[in-house]
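Q: Starting from these lines, generate the structure:
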Amino acid sequence: MRVHFIAIGGSAMHNLAMALHQKGYEVTGSDDVIFEPSKSRLDRYGLLPKDFGWYPEKVTEDIDAIILGMHAKEDNPELNKAQELGLKIYSYPEFLYEQSKNKTRVVIGGSHGKTTITSMILHVLHYHEKEVDYMVGAQLEGFDTMVHLTEDNDFMVLEGDEYLSSPIDRRPKFHLYQPNIALLSGIAWDHINVFPTFDNYVEQFQIFIDSIVRGGSINYNEEDPEVVNVVENSENQIRKIPYSTPEYRVENGETLLQTPEGEMPIEVFGAHNLSNLAGAKWICQHMGIDEDEFYEAIASFTGASKRLEKIAESSSAVAYKDFAHSPSKVSATTKAVKEQYKDRQVVACLELHTYSSLNAEFLKEYEGALNAADEAVVFYSPHAVKIKQLEEVSADQIAQAFKRKDLIIYTNPEEFKTYLNQKDFTDSALLLMSSGNYGGLDFDEVKGMI
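A: Got it, this is the predicted structure:
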């Protein structure tokens, strides 16, 4: 089968390209810019385009499928050529469904926790040498790619993202998978550039629940009232199985999980991650992993990339980076670090980087999000606001939104780096939360500060 990718350089897209190459497909692709690590990984597989840009002559009648990435625009010349030729054009999630329509599809949805839960499930299955197809939104230890596809495996585990499918398909990705087994971890308003109201956002999860195959199942976080409302009001004929945060305690910086066999130390921490663990356990049991086997495997799970990832540690200090950017994630992550390091000063740094977080109206959703930190810092780039063509937000607006009088605010990357370099982190836990890099911060440099 011959497949051509329009916008092959994206995180998800290049992983799918490599997975199809490994499956034996003939894969080509284009993009106008490709960054690391996508560039080196595509090059390793012989899939890196020779020249960057869009070349309609690459799109020919003998192509079996076009896979269109979100980075492309509606007027993309290669897309227009494919439409003229009447070629089959798939969005990323559409193609994954095509690859898995004869398998049992397991879809993990939710505003937060879905990458971690999917990663936990795959870690446990990998530990017990149970082969499955998968798509996950982070690079995992022990896994070469974020996408794996075969003809033979019975299960396909999919991280169910609520963001849009492609420039010409405005449906959320997780509406297209039609799960047999599903999980919903939480609902907290995000992506306001696409879902301008909270009700509109919640509706996407209602559609997700209704898309579950009749006779299938949904495991859901019963501690989230929005999740409970959406799941329990669905008339879809499916099994509805709640889960909640298991019992645990923290002692000397170590989290001990209560199991039927007694307390067990685990590598991940924080109430939100223990809740994620409870959801993952249910899904693994649906897939044939019993409770004892789950606990044996999960003890060695250290987390997904950029999700409370430890980047530096000394005898008296520790530093983590986390992808957290939405208010609910920032709050949960900050609380988790403070709970784990009760006797240390927690310094929480948040970069406002996404469209939602830089929106002046949405900012008020962050009220109290950094309250668990002993010292709270917010960084944002006025340049990023201009690029996103948003109304400029002021430091005063940010201070008012967070409702924290001692909030430290930086808008200059060099001043923020100076702050970190001059800070004494003895007896501290540093938490760096962002989907960006604070205007060019080298996270390796942080190791020298701790």
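Q: When you work out contacts or count neighbours from here on, use the C-alpha atoms and nothing else.
A: Will do.
Q: For stretch 277-295, which outside residues touch it?
A: Here stretch 277-295 makes contact (C-alpha atoms under 8 Å, 6 or more residues apart in numbering) with 117-118, 120-121, 124-125, 128, 181, 183, 185, 219-221, 243-246.
Q: Just the buried ones from these, in ChimeraX syntax?
A: Selection command for ChimeraX covering only the buried members of these, criterion 16 or more other C-alpha atoms under 10 Å:
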select :117,118,120,121,124,125,181,183,185,219,220,221,243,244,245
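Q: ok, residue 319 - contacts?
A: 310-313, 429-432, 446, 450.
Q: For it, give the beta-bridge partners.
A: Beta bridges link residue 319 to residue 312, residue 430, judged by DSSP bridges.
Q: so how far is residue 267 from it?
A: If you measure residue 319 against residue 267 using C-alpha to C-alpha, to the nearest Å, the figure is 15 Å.
Q: Break down the stretch 151-300 of the chain into its strands, ranges please.
A: For the stretch 151-300 of the chain, the strands defined by DSSP state E, counting those that start in this stretch occupy 155-160, 164-166, 169-172, 181-184, 217-221, 239-243, 248-251, 254-259, 262-266.
Q: Can I get those in a markdown table including mean pLDDT and distance to residue 62?
A: Putting the strands of the stretch 151-300 of the chain into a markdown table (pLDDT from 0 to 100; distance: least, C-alpha to C-alpha, whole Å) gives the following:
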| stretch | mean pLDDT | distance to residue 62 |
| --- | --- | --- |
| strand 155-160 | 97 | 29 |
| strand 164-166 | 93 | 23 |
| strand 169-172 | 94 | 24 |
| strand 181-184 | 98 | 36 |
| strand 217-221 | 98 | 40 |
| strand 239-243 | 98 | 44 |
| strand 248-251 | 94 | 58 |
| strand 254-259 | 94 | 56 |
| strand 262-266 | 94 | 52 |
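Q: Can I get those in a markdown table including distance to residue 76?
A: Output for the strands of the stretch 151-300 of the chain, formatted as a markdown table (distance: least, C-alpha to C-alpha, whole Å):
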| stretch | distance to residue 76 |
| --- | --- |
| strand 155-160 | 27 |
| strand 164-166 | 12 |
| strand 169-172 | 14 |
| strand 181-184 | 35 |
| strand 217-221 | 39 |
| strand 239-243 | 43 |
| strand 248-251 | 52 |
| strand 254-259 | 50 |
| strand 262-266 | 48 |
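Q: To residue 355, which of those lies closest?
A: Comparing the strands of the stretch 151-300 of the chain by their distance to residue 355 (C-alpha to C-alpha), the top pick is strand 164-166, with 14.4 Å.
Q: Neighbouring strands of that closest one in the sheet, and parallel or not?
A: Going by DSSP bridges, the partners of strand 164-166 are strand 169-172 (antiparallel).
Q: Report the two of the contacts of residue 319 separated the most.
A: Maximum distance among the contacts of residue 319 (C-alpha to C-alpha): 13.9 Å, for 313 and 432.
Q: The two - which one has more neighbours?
A: Taking other C-alpha atoms under 10 Å, residue 313 and residue 432 do not tie; residue 432 has more neighbours (26 against 17).
Q: Now do the more buried one against residue 80, distance only.
A: Distance from residue 432 to residue 80, by C-alpha to C-alpha: 42 Å.
Q: Can you check which helix is longest in this protein?
A: In the chain, taking DSSP state H as the definition, the longest helix is helix 271-286.
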